[in-house]
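Colleague: pasting the structure only:
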C-alpha cells in the first residue's frame, strides 16, 4: 500500500498517540518530517525525538508531551494537501490563536514557523497549524 501524504500520516499518528495517552510514537523518517518534529520540539509541543533504525528502516521516535495529564498539543491540523496546495505571501500568513499557536511553513529558506517567516518577509506553503 502506498502512502500519498506522509506528513498527514505523521500528524494523524501524533493526534491518535495523544488520544491514547502514549508516551512514544514511531513515524517513518524523512528530512521534511525531521524538520517539522524539530520545530515542534523547539516550540515546546513535544519533549524530544530520536531517529532510530528498526528493521533497516529509519524511524522517528517522538516523545509526546503532557501537562496535568492533558496533551500539550490541543490541535494539529494539516492545511496544504497534495490535492490542494495552500501558499501565502508573508503579509498574508495567518496568526494562529492570536499568536498562541504556530503555523509551520515551507519557504525557500527551509521549514520554519509563521513568526520567523514574517520576520524574514518570506511566504510559502502552509503545512499545518499547531496549538
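Modeller: That came through, no problem. Since we're looking at a predicted model, the values are computed, not measured. Numbers count the residues shown, from 1 in each chain.

Colleague: Quick check: closest non-adjacent residue to the residue sitting nearest the centre point of the chain.
Modeller: Centroid-nearest residue in the chain: residue 36, 4.5 Å away (criterion: C-alpha atoms, centre = their mean). In space, and not counting its chain neighbours, residue 36 is closest to residue 104: 5.9 Å by C-beta to C-beta, 6 or more residues apart in numbering. C-beta coordinates here come from the backbone N, C-alpha and C atoms, glycine included.

Colleague: what's the answer for residue 123, then?
Modeller: Leaving out its chain neighbours, the residue that sits closest to residue 123 by C-beta to C-beta, 6+ apart is residue 89, at 4.2 Å.

Colleague: Backbone dihedrals for the one you found, please?
Modeller: Residue 89 adopts backbone torsions of phi -80, psi 160, taken as degrees, to the nearest 10.

Colleague: Tell me the pLDDT of it.
Modeller: Here, the pLDDT recorded for residue 89 equals 97.

Colleague: count of residues packed around it?
Modeller: Other residues lying near residue 89 total 10 when counted by other C-beta atoms under 10 Å.

Colleague: likewise residue 39?
Modeller: Using other C-beta under 10 Å, residue 39 is surrounded by 20 other residues.

Colleague: check contacts around it.
Modeller: 102, 104, 111, 112, 113 (C-beta atoms under 8 Å, 6 or more residues apart in numbering).

Colleague: Quick one: classify residue 50 as helix, strand or coil.
Modeller: Put simply, residue 50 is strand when judged by DSSP: H, G, I helix; E, B strand; the rest coil.
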